[in-house]
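>>> no sequence on this one, just coordinates:
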């Protein structure tokens, strides 16, 4: 069975994701599609609007298999996120990785990725390095300012292609042009598509507009959002107050010196927005800061950041996905495809279990990694 | 000026404390009384029912000077608590330390303390040690089971006397017999005296009975209690969920292996009482467990436990106290008596400041160590 992987967040799932998955199936000529999905927290540094189990059900409206992107990667930017996304795709023996980008041309990605991966062999590289220049600066000086590096999804796409070239060369990358809706557009202006931001906004304000941009078959899953940043703020404040600067500095993704900004801003912040306003500088984007904050909340330490992938958590599957998984277990008996988290398998997913426990404590949700085994659904007519 | 020190919690202040302070003044022939008071959290492993600033005002109805017992000591039992209480008394140049006990006879305390402090010189000590016996067991085998070690206030009193003999021999210890009201008696049965437990119970149930056992002049300070263990439970749960067993093991007062009990009990606990019921074993008293929990909440690490006293926080004083403090500053210019916490003096009180910040976050109180300088009151007629 030919398999196409997609690295996703589905926060929440909408028609744009249906389009992406269908295109992926077509372009990669795939029999099975795997969504490698972030769990309880997402890359923009927020708790997911619905927990990962509900979002798995949503995703199964279109994808055949849903597996979890490890939590440290989900709360990282760029390279590490892409590296682990590709690791999971490779572990799942995917033939293709299909990502959306502003560019859409996979050749451009591959050429640039090759150039960057081999930048150290460029005759002027060592000279510039000796001049004390940074890696990104050398890249932009030697390669010009590649247009591919001007937009966020292109940058992420490039990281996927770099990771594939480095460590998973059997995977074929495909890029599909993103639908015209800008990701951060707040309004649901189109009849059929909208950004995740617009949909979250509609859900939070009880604006029924989201219904037209979400598949009918899963409307019932779009209940009241499970969590937002205001709910977690008291816990975040407690965490920053109770933790020393030294220990904050040791948290995953925290930049040099940012621990002091956290300590000096927290006492005068009474909600998440106030804190963000105090922390914001030109040096960091909002999402970068929010990622740091979520890593603080989850107490994700730099020293515990995984370097290898030792198991994959299977969150959900339809009959096609189940057939693929069965084959996978036969072909790779040494790999761990975990459909049930229990005492024996829990050690592989400590960060993910912790993220769920904290998500539940704050949101009042009750689905845990232990009481929610893999979600199975019947195949739908395609 | 002759000075008598009392090691106190005043949780909250009541007529029994008035009696104790007046007796102390008389028995030690003192011109000034100093209350060395626990801050936001108390030895029974709970947040104080009122914050330390309000309790300071209460105490100034009777005492001349109120200073803070360092927070690590306040959340410790026995030796370390007594050691730091005596250190503060000595730093304040107290002539006497007056404590309540079931016994009341200071000679008995001094004799037993001397025997214990010199137990290692006993001819059989080394033999028993080589047999692998524990320190407390050797004491009870060599000294019999001293009646003084049968009741909690006697045990604490003995620790004071031991600490004085070891490190502050210029302080004269006095013991006064505790008033007949048992400390943990829940009912306010007497017309004039009641236990702290009974008063907290009355305050929490809006039973006006507390009025008869609290000095009239400070009734207005007895508003709605500031905090209880149910309010802090969500934060405690978050802390235990987000912290590794290794890091929990490193918390002040945590016993070997207790970190695993914490981790395995927390997921199935929805409130403080449920957690306590799961944690309770014969091996530990309720207060011992609660102290561990408060140290976890405050993230008080064993490695940060102070060993020396570098400054004393002055919480409040009347005119007599102020006069005494002025003299003290002249006599000991190298000592730090801190009436205002600011950027320069804050480093001496990191644990106490943290305890206040967390107390305030959870209770919604707004008096901080920075915005609340020493409380000054006029002398009352005695």
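Looks like it arrived, so ask away. Since the structure is predicted, the reported quantities are computational estimates derived from the model, not experimental observations.
>>> got the residues of chain A near chain B?
Applying Cβ under 8 Å from any Cβ of the partner chain, we find that chain A lies next to chain B at A:234-235, A:237-239, A:241-243, A:267, A:297-299, A:354, A:357-358, A:361-362, A:368. C-beta here means a position set from N, CA and C on the backbone, and glycine is covered the same way.
>>> Mind checking which of those residues are buried?
Buried members of these, counted by 16 or more other Cβ atoms under 10 Å in any protein chain shown: A:234-235, A:237-239, A:241-243, A:267, A:297-299, A:354, A:357-358, A:361-362, A:368.
>>> Give me the subset of the residues you listed lying in helices.
Counting by DSSP state H, the part of those found in helices is A:234-235, A:237-239, A:241-242, A:297, A:354, A:357-358, A:361-362.
>>> Kindly reformat these as TSV containing pLDDT.
Converted to TSV, those look like this (pLDDT from 0 to 100):
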residue	pLDDT
A:234	98
A:235	98
A:237	98
A:238	98
A:239	98
A:241	98
A:242	98
A:297	98
A:354	98
A:357	97
A:358	98
A:361	97
A:362	97
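>>> Nearest to residue A:223 among the residues you listed?
Comparing these against residue A:223 with Cβ to Cβ places residue A:362 closest, at 16.9 Å.
>>> ok, the closest one - contacts?
Taking Cβ atoms under 8 Å, 6 or more residues apart in numbering or on different chains as the criterion, residue A:362 is in contact with A:47, A:227, A:231, A:232, A:235, B:238.
>>> Let me see the mean pLDDT of the top helix by length along chain A.
Ranked by number of residues, the top helix in chain A under DSSP H is helix A:152-167. Helix A:152-167 carries an average pLDDT of 91.
>>> Counting by contacts, list what that helix packs against.
Contact analysis of helix A:152-167 by 3 or more Cβ pairs under 8 Å, 6 or more residues apart in numbering or on different chains; DSSP states H and E lists helix A:78-91, strand A:96-101, helix A:106-117, strand A:172-177 as its packing neighbours.
>>> what about the closest residue to residue A:102 other than its chain neighbours, neighbour count?
Across the structure, with Cβ to Cβ, 6 or more residues apart in numbering or on different chains as the measure, the residue nearest residue A:102 apart from its sequence neighbours is residue A:151 (4.3 Å). Residue A:151 has 14 neighbours, counted by other Cβ atoms under 10 Å in any protein chain shown.
>>> which among the ones in helices among the buried ones among the residues of chain A next to chain B gets closest to residue B:163?
Each of these was checked against residue B:163 using Cβ to Cβ; the closest is residue A:242, at 29.7 Å.
>>> domains for chain A, by residue range?
With domains defined by automatic domain parsing, chain A comprises A:3-103+A:178-226+A:309-376, A:229-304.
>>> From residue B:62, how far out is residue A:58?
In this structure, residue A:58 and residue B:62 are 65 Å apart, going by Cβ to Cβ, to the nearest Å.
>>> how many other residues sit next to residue A:371?
Counted with other Cβ under 10 Å, residue A:371 comes out at 9.
>>> Reduced to three states, what does it come out as?
Look at residue A:371: counting by DSSP: H, G, I helix; E, B strand; the rest coil, its state is coil.
>>> Identify the residue nearest residue A:298 in space, chain neighbours excluded?
According to Cβ to Cβ, 6+ apart, the nearest residue to residue A:298 is residue A:355 (5.7 Å).
>>> Also residue A:279?
In space, residue A:279 comes closest to residue A:289 once its chain neighbours are excluded; the distance is 5.2 Å by Cβ to Cβ, 6+ apart.
>>> secondary structure element for the one you found?
When secondary structure is defined using DSSP states H and E, the element that contains residue A:289 is helix A:286-297.
>>> following that helix, which helix or strand comes up?
Sequence order places strand A:312-317 as the next helix or strand after helix A:286-297, per DSSP H and E.
>>> Give me the helices and strands touching that next one, please.
Where contact means 3+ Cβ pairs under 8 Å, 6+ apart, strand A:312-317 is packed against helix A:52-59, strand A:65-69, strand A:337-338, strand A:375-376.
>>> who touches the third one?
Contacts of strand A:337-338 from elsewhere in the structure, counted by Cβ under 8 Å, 6+ apart, are A:311, A:312, A:313, A:314, A:325, A:328, A:329, A:345, A:348, A:349.
>>> and which of the residues you listed is nearest to residue A:202?
Nearest to residue A:202, judged by Cβ to Cβ, of the contacts of strand A:337-338 is residue A:313 at 30.1 Å.
>>> tell me the contacts of the nearest residue in space to the closest one that is not next to it in sequence?
Using Cβ to Cβ, 6+ apart and skipping residues adjacent in sequence, the residue nearest residue A:313 is residue A:68, 4.2 Å away. Residue A:68 makes contact with A:36, A:37, A:38, A:39, A:52, A:312, A:313, A:315, A:349, A:352, according to Cβ under 8 Å, 6+ apart.
>>> Give me the ChimeraX select line for those residues, limited to the buried ones.
Typed into ChimeraX, the line below selects the buried ones among those, using 16+ other Cβ under 10 Å:
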select /A:36,37,38,39,52,312,313,315,349,352
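>>> Quick one: the contacts of residue A:68 as a markdown table, columns for pLDDT too.
Output for those, formatted as a markdown table (pLDDT from 0 to 100):
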| residue | pLDDT |
| --- | --- |
| A:36 | 98 |
| A:37 | 98 |
| A:38 | 98 |
| A:39 | 98 |
| A:52 | 98 |
| A:312 | 98 |
| A:313 | 98 |
| A:315 | 98 |
| A:349 | 98 |
| A:352 | 98 |
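>>> Of the ones in helices among the buried ones among the residues of chain A next to chain B, which is the nearest to residue B:75?
Checking these one by one against residue B:75 (Cβ to Cβ), the nearest turns out to be residue A:242, at 13.9 Å.
>>> follow-up on the earlier one: sort out which one of the ones in helices among the buried ones among the residues of chain A next to chain B lies nearest residue B:98 for me.
Distances from residue B:98 to those, taken as Cβ to Cβ, are shortest for residue A:242 (35.6 Å).
>>> any idea how far that closest one lies from residue B:291?
For residue A:242, the distance to residue B:291 equals 17 Å [Cβ to Cβ].
>>> still on that earlier bit, out of the domains of chain A, deepest packed?
The highest average neighbour count among these, using mean count of other Cβ atoms under 10 Å in any protein chain shown, belongs to domain A:3-103+A:178-226+A:309-376 at a mean of 20.
>>> just how off-centre is that one within its chain?
Relative to the mean C-alpha coordinate of its chain, domain A:3-103+A:178-226+A:309-376 is positioned 8 Å out (Cα atoms, centre = their mean, to the nearest Å).
>>> Endpoints of it, how far apart?
According to Cα to Cα, to the nearest Å, domain A:3-103+A:178-226+A:309-376 extends 19 Å from its N-terminal end residue to its C-terminal end residue.
>>> do stretch A:99-111 as well
End-to-end distance of stretch A:99-111: 17 Å, with Cα to Cα as the criterion.
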